[in-house]
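Novice: Any chance you could fold what I've pasted below:
(one chain, ligands or ions: 1)
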Amino acid sequence: MLETLAARQLPPPEHAGWHEGRERSIAQHCPYVAALGDDEAFRLRNRRRSSGRRSSVMMLGALCYDPGPTFRPAPEVSRSMTDAPAFPPNGLIVSVATTGSWPTKTQTPALPVTPEEIATDAVACAEAGAAIAHVHMRDAQGRVTCDPAHYTRTRKLIEQAGSDVIVNMSTGGGAGLTTDEERMAPVALEPEIASFDCGSLNFGERVFVNSPQFLKELATRMNAHGVRPEIECFEPGHVWNALRLIDDGLLTPPFWFQFVLGVRGGAPPTVKQLHHLVDMLPPDAHWSVCGIGRAQLPLGMAAMAMGGHVRTGLEDNLYYRKGELATNRRLVERLVRIAGELGRPVATPAQARALLGLSARSAARA
Ligand code: ZN
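Specialist: Next up is the predicted model:
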């Protein structure tokens, strides 16, 4: 098949300069090409010619060429938002994932579960330096729910507290407990960001299903409601899925990726994996990482050193250190201290909005 591609003289990727011309032959160095049949490769190539969009073939090029050093300069801020505050050079976006679907009050009393508790925690974390609060909702029994009323109340409480933290609503639901339709319900509330779990995987003892049909429908609704997807990738195949959705025009820039590393069933929480995932991204993508459990802090520090952004919070890790339970605010405060030492100024919500092409909608809802 590789010989066939060569015979068809597949043109070099248009962004070869990104890799400073250190190209190698597809046939020699691209394990990903082997995953495509001849017909598929031709389909992608032809689409590139007809649409002019960044195509999967270009993405293939990104995967097939020596990527060079992992560290890249901070991406340029969109110049179209002239009235928005500029994103600071080398700025760092801190996200806090306050609650998640699975942790319980029994595991840690610090876990916020009611809209009041989640809003209070989100506001406190924003005061400590978080620009984004990623929230899941729970019912009266503490079980995960996608009920839009809970999301609405939480966001309202945050806004009433005077916080401008960006609210990122989960569409993850509970693996096996919620329907696709229930999971998509928060999108209609038009949050500035919502999670977009970009593929299926085993998730501990469960299976987290994100079918191709679900992803297309979720992306379509997010586009219709002006919601920025946080493209959550648990393993490299999920980035590959995202590249296809970009090629299909369902995901549009600016891209905001979240690498979730350390879920049993996903990619392991290592710097080597993070390096690989970052190398797969389109060159204009923004990315963040969250490590699960004890990997949270070291992977966050690696991301800071690599020029990425960081997520922390009790959704991903309950402990401040071995044997000592954390709070969301303390986790954020620690990241902010480390970022200061590393010369990464922590972005305000307004600055994060400028980078990610968001616009606060609280005034419009009032
Ligand atoms: Zn989540």
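Novice: tell me which residues of stretch 279-288 are tucked away?
Specialist: Within stretch 279-288, the residues scored as buried using 16 or more other C-beta atoms under 10 Å are 279, 280, 281, 282, 285, 286, 287, 288. Every residue, glycine included, has its C-beta placed from N, CA and C.
Novice: Can you tell me the closest non-neighbouring residue to the fifth one?
Specialist: Counting by C-beta to C-beta, 6 or more residues apart in numbering, the nearest residue to residue 285 once its immediate chain neighbours are dropped is residue 255, at 4.0 Å.
Novice: In the stretch 251-366 of the chain, mark out all the strands, start to finish.
Specialist: Along the stretch 251-366 of the chain, the segments classed as strands by DSSP state E, counting those that start in this stretch run 256-261, 286-291, 309-312, 319-321, 324-325.
Novice: How about the contacts made by the residue nearest to residue 285?
Specialist: 231, 242, 246, 281, 282, 284, 285, 286 (C-beta atoms under 8 Å, 6 or more residues apart in numbering).
Novice: now do residue 202
Specialist: 208, 264, 265.
Novice: change it to 7 Å
Specialist: residue 265 (C-beta atoms under 7 Å, 6 or more residues apart in numbering).
Novice: Tell me the strands beside the helix or strand harbouring it, with direction?
Specialist: Residue 202 is located in strand 201-203, with elements delineated by DSSP states H and E. When sheet partners are counted by DSSP bridges, strand 201-203 sits next to strand 206-208 (antiparallel).
Novice: Can you name every helix or strand that the following helix or strand past the partner strand contacts?
Specialist: Beyond strand 206-208 on the C-terminal side, the first helix or strand identified by DSSP H and E is helix 212-225. Helices and strands touching helix 212-225, by 3 or more C-beta pairs under 7 Å, 6 or more residues apart in numbering; DSSP states H and E, are helix 180-184, helix 236-247.
Novice: what angle separates the longest one from strand 256-261?
Specialist: The one in question is helix 236-247. 170 degrees (axes from the mean of the first three to the mean of the last three C-alpha atoms, to 10 degrees).
Novice: Between strand 286-291 and helix 236-247, find me the angle.
Specialist: Going by the same axes, to 10 degrees, helix 236-247 makes 160 degrees with strand 286-291.
Novice: tell me how far helix 236-247 is from the chain's mean position?
Specialist: 13 Å (C-alpha atoms, centre = their mean, to the nearest Å).
Novice: The first one now?
Specialist: On the basis of C-alpha atoms, centre = their mean, helix 180-184 is displaced by 19 Å from the centre of the chain it belongs to.
Novice: Show the average pLDDT along that helix.
Specialist: The predicted model assigns helix 180-184 a mean pLDDT of 96.
Novice: Tell me the buried residues in that helix?
Specialist: Under 16+ other C-beta under 10 Å, the buried positions of helix 180-184 are 180, 182, 183, 184.
Novice: Please work out which residues outside that helix touch it.
Specialist: 146, 171, 172, 173, 214, 218, 221.
Novice: Go again with 6 Å.
Specialist: Contacting residues not belonging to helix 180-184 are listed as 146, 171, 173, 214, 218, 221 [C-beta atoms under 6 Å, 6 or more residues apart in numbering].
Novice: Following it in sequence, what is the next regular element?
Specialist: Following helix 180-184 toward the C-terminus (DSSP H and E): strand 193-197.
Novice: Neighbouring strands of that next one in the sheet, and parallel or not?
Specialist: Strand 193-197 is paired, per DSSP bridges, with strand 166-169 (parallel), strand 228-233 (parallel).
Novice: now these as TSV including mean pLDDT?
Specialist: As requested, these are exported to TSV (pLDDT from 0 to 100):
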stretch	mean pLDDT
strand 166-169	98
strand 228-233	98
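Novice: So which of those strands is nearest residue 111?
Specialist: Nearest to residue 111 among the strands paired with strand 193-197 is strand 166-169; the distance by C-beta to C-beta comes to 17.8 Å.
Novice: Extract the CA atoms of that closest one and return them as CSV.
Specialist: Presented in CSV, the C-alpha positions along strand 166-169 are these (Å, rounded to 0.1, in the frame of the first residue of the first chain):
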residue,chain,number,x,y,z
ILE,A,166,-15.5,30.5,32.4
VAL,A,167,-18.0,27.7,33.0
ASN,A,168,-17.2,24.5,31.1
MET,A,169,-20.2,22.1,31.3
